[in-house]
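Asks: Here is my input, please return the structure:
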Amino acid sequence: MSASDSCSSSMEEELHVLAVDDNLIDRKLVERILKISSCKVTTAENGLRALEYLGLGGDPQQSDPVTSTNVMKVNLIITDYCMPGMTGFELLKKVKESSKLKEVPVVILSSENIPTRINKCLASGAQMFMQKPLKLSDVEKLKCHLLNCRI
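Replies: Predicted structure coming up:
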């Protein structure tokens, strides 16, 4: 507990995480664990919805400066790798191509432990690649890593 306490006390505001997963149960699990870990959570059911929330949607109305205020609020994106329409890897690439979002850490989740997939994501800018199901200990380690806490 002391490691998480040191992380929390070093932050002036809570971590805001955008959690992206097409599976409702997985999305709710990630949301619950993040909330237990004192994070603010916004969820999206797919990569396109996540991009809309981040102000990168294809809709011309999304380029309105008002929508870009969401960008400043998100400190971390946690996304499932395997989703229909847009994979977590494609979402990662879009985020890292954006001048406004490229500094936002992206964590990829997957139920499959495929080394080539993991290496591809890390080489493309993913902060971490984590195995599903996400555990509270994973989130605490991740928070400390992001906040440069010493365990």
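
Asks: mind listing what's buried in the helix or strand hosting Ile118?
Replies: Element membership for Ile118 (DSSP states H and E) is helix 115-123. Burial within helix 115-123, assessed by neighbour count using 16 or more other Cβ atoms under 10 Å, is assigned to 117-118, 120-121. Every C-beta, even on glycine, is put in place using the N, C-alpha and C of the backbone.

Asks: Run through the strands of this protein in chain order.
Replies: If DSSP state E is used as the criterion, the strands of the chain fall at 16-20, 40-44, 76-80, 106-110, 128-131.

Asks: Tabulate the ones you listed (CSV), appending distance to Phe89 and mean pLDDT.
Replies: Compiled in CSV, those are given as follows (distance: least, Cβ to Cβ, whole Å; pLDDT from 0 to 100):
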stretch, distance to Phe89, mean pLDDT
strand 16-20, 12, 96
strand 40-44, 16, 96
strand 76-80, 9, 97
strand 106-110, 7, 97
strand 128-131, 10, 96
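
Asks: chain center to stretch 122-130: distance?
Replies: Using Cα atoms, centre = their mean, to the nearest Å, we find the averaged C-alpha position of stretch 122-130 to lie 11 Å away from the chain's own average C-alpha position.

Asks: same question, stretch 73-81
Replies: Here stretch 73-81 shows a centroid-to-chain-centroid distance of 1 Å under the convention Cα atoms, centre = their mean.

Asks: returning to that earlier point: now tabulate the strands of the chain in a markdown table and tack on mean neighbour count and distance to Leu54.
Replies: Formatted as a markdown table, those follow (neighbours: other Cβ atoms under 10 Å; distance: least, Cβ to Cβ, whole Å):
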| stretch | mean neighbour count | distance to Leu54 |
| --- | --- | --- |
| strand 16-20 | 24 | 7 |
| strand 40-44 | 18 | 9 |
| strand 76-80 | 25 | 8 |
| strand 106-110 | 24 | 11 |
| strand 128-131 | 18 | 19 |
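
Asks: from the buried residues of helix 115-123, which is closest to Glu52?
Replies: Out of these, the one with the shortest distance to Glu52 is Cys121. That distance is 22.2 Å, counting by Cβ to Cβ.
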